[in-house]
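*Asks:* Give me a model of this one.
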Amino acid sequence: MSIASVFNIAGSAMSAQTTRLNTVASNIANAETVSSSIDQTYRARHPVFATMFQGGQSNGSGSLFQEHDAAGQGVQVMGVVEDQSNLEARYEPNHPAADAKGYVYYPNVNVVEEMADMISASRSFQTNAEMMNTAKTMMQKVLTLGQ
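*Replies:* A predicted model of the protein is given here:
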């Protein structure tokens, strides 16, 4: 792995954290939306990440743990899934969106968890940006070695 691959790895991580921040923002924005049916109620969304490995990494060593020894080449967003936990049904017969039984359904979004997730994603993005900056500084120092 070269120092140049640091930029690809950090860039993929920053892209993944941007997806994570966008889903958190969507969850927080829809935290208090109501619906008269379970099927139409917003469900919290969460991104699914996977490590990308270098393709065709057969070096002939024949290690039994080759897939565990492989260096990661970045992170990839596999998709965004909906949280299948229970929705919150509240008895509010005077609410305009109440169903025939007087219930309205609120999303399964926990704003406190979403805020913690937002802080974590933001810090991870910042860490990757600083890692890219450090790699850039190192490469600039290498250019001045011969002077």
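
*Asks:* hey, where'd the helices end up in this protein?
*Replies:* 5-29, 66-69, 111-143 (DSSP state H).

*Asks:* Now do the same contact list for the residue most central in space within the chain.
*Replies:* Taking C-alpha atoms, centre = their mean, the centroid of the chain lies closest to Arg20, which sits 3.2 Å from it. Shown in contact with Arg20 (C-beta atoms under 8 Å, 6 or more residues apart in numbering): 47, 117, 121. Heads up, the C-betas are built off the backbone N, CA and C, glycines and all.

*Asks:* Could you tell me how many residues sit around the second one?
*Replies:* Read that as Asp117. Counted with other C-beta atoms under 10 Å, residues neighbouring Asp117 total 18.

*Asks:* I'd like to know which helix or strand in this protein has the lowest mean pLDDT.
*Replies:* helix 66-69 (a mean of 55; mean pLDDT, DSSP states H and E).

*Asks:* Poorly predicted segments of the protein, please.
*Replies:* Low-confidence segments of the chain, defined by pLDDT under 70, are located at 1, 55-71.

*Asks:* Mind doing that once more with 80?
*Replies:* Within the chain, the stretches falling below the threshold (pLDDT under 80) are 1-4, 54-72, 146-147.

*Asks:* For it, which strand extends over the most residues?
*Replies:* Ranked by residue count, the top strand of the chain under DSSP state E comes out as strand 72-82.

*Asks:* mind listing what that strand pairs with, with the direction of each?
*Replies:* Applying DSSP bridges to the sheet, strand 72-82 is found paired with strand 45-53 (antiparallel).

*Asks:* What are the contacting residues of the strand it pairs with?
*Replies:* The set of residues external to strand 45-53 that reach it, using C-beta under 8 Å, 6+ apart, is 12, 16, 19-20, 23, 26-27, 67, 70-83.

*Asks:* Can I get the buried part of the residues you listed as one PyMOL selection?
*Replies:* Of those, the buried ones can be selected in PyMOL as follows, counting by 16 or more other C-beta atoms under 10 Å:
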select buried, resi 12+16+19+20+23+26+27+73+74+75+77
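
*Asks:* who's Arg45 bridged to?
*Replies:* On the basis of DSSP bridges, Arg45 takes part in beta bridges with Glu82.
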